[in-house]
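Below: sequence and its predicted model.
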Amino acid sequence: MAIFVGACVQSVTIDPDWDGGPERYADVRVEWPLNQFTERELHEEAVLVALAGPLAELLHRGVSPLKIFQIRFLI
């Protein structure tokens, strides 16, 4: 998703270092070309990228796209 919206993926791992923060199962580092986006566009694209992983997990676990659509409108 990050590449699709115009960002550059620097690294991806499913075995991130524990840095004293919350336990994580993956780590993705994304570089944003700040001169290509307005502030609002950058925020919108960052949200899309942040939600892409959890959405992919829901689909992988068998949650139907219709259920995901319904969840979206409850928020």
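Looks like it came in fine.

Name the residues that touch the longest helix seen in the chain?
In the chain, assigned by DSSP state H, the helix with the most residues is helix 39-60. Residues from elsewhere that reach helix 39-60, judged by C-beta atoms under 8 Å, 6 or more residues apart in numbering: 1-2, 5-7, 26, 28, 30, 32, 34, 37, 65, 68. Placement of C-beta: from N, CA and C, glycine included.

can you tell me which residue is nearest the centre of the chain?
For the chain, the residue nearest the mean C-alpha position is residue 50 (2.5 Å; C-alpha atoms, centre = their mean).

What are the buried residues along stretch 47-61?
Judged by neighbour count using 16 or more other C-beta atoms under 10 Å, the buried positions of stretch 47-61 are residue 49.

Relative to its centre, which residue of this structure is most distant?
In the chain, counting by C-alpha atoms, centre = their mean, residue 20 sits farthest out from the average C-alpha position, at 21.7 Å.

I'd like the distance between it and residue 50.
For residue 20, the distance to residue 50 equals 21 Å [C-beta to C-beta, to the nearest Å].

And for residue 21?
Counting by C-beta to C-beta, the gap from residue 21 to residue 50 is 16 Å.

Check residue 33 too.
Relative to residue 50, residue 33 is positioned 18 Å away (C-beta to C-beta).

Sketch out the low-pLDDT regions of this structure for me.
By pLDDT under 70, the low-scoring segments of the chain are 68-75.

rewinding a little: just the C-alpha atoms of the longest helix of the chain, please, in CSV.
Extracted in CSV, the C-alpha atoms of helix 39-60 (Å, rounded to 0.1, in the frame of the first residue of the first chain):
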residue,chain,number,x,y,z
GLU,A,39,-0.3,18.1,4.6
ARG,A,40,-3.8,16.7,4.3
GLU,A,41,-2.8,14.2,1.6
LEU,A,42,0.1,13.0,3.7
HIS,A,43,-2.1,12.4,6.7
GLU,A,44,-4.7,10.6,4.5
GLU,A,45,-2.1,8.4,2.8
ALA,A,46,-0.4,7.6,6.1
VAL,A,47,-3.7,6.4,7.5
LEU,A,48,-4.3,4.2,4.5
VAL,A,49,-0.8,2.6,5.0
ALA,A,50,-1.3,2.2,8.7
LEU,A,51,-4.6,0.4,8.3
ALA,A,52,-3.5,-1.8,5.3
GLY,A,53,-1.8,-4.4,7.6
PRO,A,54,-4.6,-4.9,10.0
LEU,A,55,-7.1,-5.1,7.1
ALA,A,56,-4.9,-7.8,5.4
GLU,A,57,-4.8,-9.7,8.6
LEU,A,58,-8.6,-9.7,8.9
LEU,A,59,-9.0,-10.9,5.4
HIS,A,60,-6.3,-13.6,6.0
